[in-house]
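Visitor: how would this look folded up:
(chains A and B)
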Amino acid sequence: GNSVTQMEGPVTLSEEAFLTINCTYTATGYPSLFWYVQYPGEGLQLLLKATKADDKGSNKGFEATYRKETTSFHLEKGSVQVSDSAVYFCALSSSASKIIFGSGTRLSIRP
Amino acid sequence: AAGVIQSPRHLIKEKRETATLKCYPIPRHDTVYWYQQGPGQDPQFLISFYEKMQSDKGSIPDRFSAQQFSDYHSELNMSSLELGDSALYFCASSLDLSGANVLTFGAGSRLTVL
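Guide: So this is what the prediction gives:
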């Protein structure tokens, strides 16, 4: 079945460091891929998405490229801020009906 | 912009009681999804509805039921509550069932079972 595997956390970085959170997926067909972010005490917010191979999603300085050959959708940001501290979920949707989430990666940024 | 509205935001119940959570999707969104997120866990899909009909079912216990009404709002009914039902319950909505459509999530309803 479809699944998402993402880098385990927690990840702790200093402000302005480079961020990579790895995400790989298993799916039949051509899924859409997403990164959602969950700030403390809040719901899930869409960060970015890509709907086909080689698409790059970007938002708030975060980027992820849909790589079909490696079945990956790694999240990157060149310079993180304290306000980026949150839990990040990689997710896929390959059919009508639902999104499947990865296990989440907690990111903490030190000032 | 209007978002997905969930109520109540917090709910405390005793074991074996019942609880009802409500979800009001974004206007014109006809698809609603329910997810359960335990402490430190990823959201687990429970059930979804499209045009008032169940469209998919995930790991929803038999003690739980849900429906979508004519105004597209949805309710999740939970009976014979157990301690393990304590979780954050998210509702999300989207415009139709296309896999490329983004799900917009509500802020969640936190259920605590004592």
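Visitor: how far off centre is the lowest-mean-pLDDT helix or strand in chain A?
Guide: The helix or strand of chain A with the poorest confidence is strand A:100-101; it has a mean of 90 (mean pLDDT, DSSP states H and E). Relative to the chain's own centre, strand A:100-101 is displaced by 11 Å; criterion: CA atoms, centre = their mean, to the nearest Å.
Visitor: counting contacts, what elements does that strand pack onto?
Guide: strand A:3-6, strand A:86-93 (3 or more CB pairs under 8 Å, 6 or more residues apart in numbering or on different chains; DSSP states H and E). In short, each C-beta sits where N, CA and C put it, glycine included.
Visitor: so the last one, near chain B or not?
Guide: Yes: looking at strand A:86-93 against chain B by CB under 8 Å from any CB of the partner chain, the contacts come from A:89, A:93.
Visitor: that strand pairs with which strands?
Guide: strand A:32-38 (antiparallel), strand A:100-101 (antiparallel), strand A:105-110 (antiparallel) (DSSP bridges).
Visitor: worst average pLDDT in those?
Guide: Mean pLDDT per stretch puts strand A:100-101 lowest among those, at a mean of 90.
Visitor: okay, and the most centrally placed residue in chain B sits in which element?
Guide: For chain B, B:Trp34 is the residue whose C-alpha lies nearest the centre (CA atoms, centre = their mean; 3.2 Å). Taking DSSP states H and E as the definition, B:Trp34 sits inside strand B:31-37.
Visitor: distance of B:His29 relative to chain A?
Guide: 14 Å (CB to the nearest CB, to the nearest Å).
Visitor: follow-up on the earlier one: pick the most buried one from the strands paired with strand A:86-93.
Guide: Of all these, strand A:32-38 has the most neighbours on average by mean count of other CB atoms under 10 Å in any protein chain shown, namely a mean of 25.
Visitor: which strands or helices does the helix or strand following it pack on?
Guide: Next helix or strand after strand A:32-38 toward the C-terminus (DSSP H and E): strand A:44-50. Applying 3+ CB pairs under 8 Å, 6+ apart, one finds that strand A:44-50 contacts strand A:32-38, strand A:56-59, strand A:62-65, strand B:104-105.
Visitor: mind redoing it with 6 Å?
Guide: In terms of contacts (3 or more CB pairs under 6 Å, 6 or more residues apart in numbering or on different chains; DSSP states H and E), strand A:44-50 is packed against strand A:32-38, strand A:56-59.
Visitor: partner strands of the shortest one and their direction?
Guide: When pairs are called by DSSP bridges, strand A:56-59 turns out to pair with strand A:62-65 (antiparallel).
Visitor: run through who's touching the following helix or strand past the strand it pairs with.
Guide: Next helix or strand after strand A:62-65 toward the C-terminus (DSSP H and E): strand A:75-77. Under the criterion CB atoms under 6 Å, 6 or more residues apart in numbering or on different chains, residues A:19-21, A:35, A:61-64 lie in contact with strand A:75-77.
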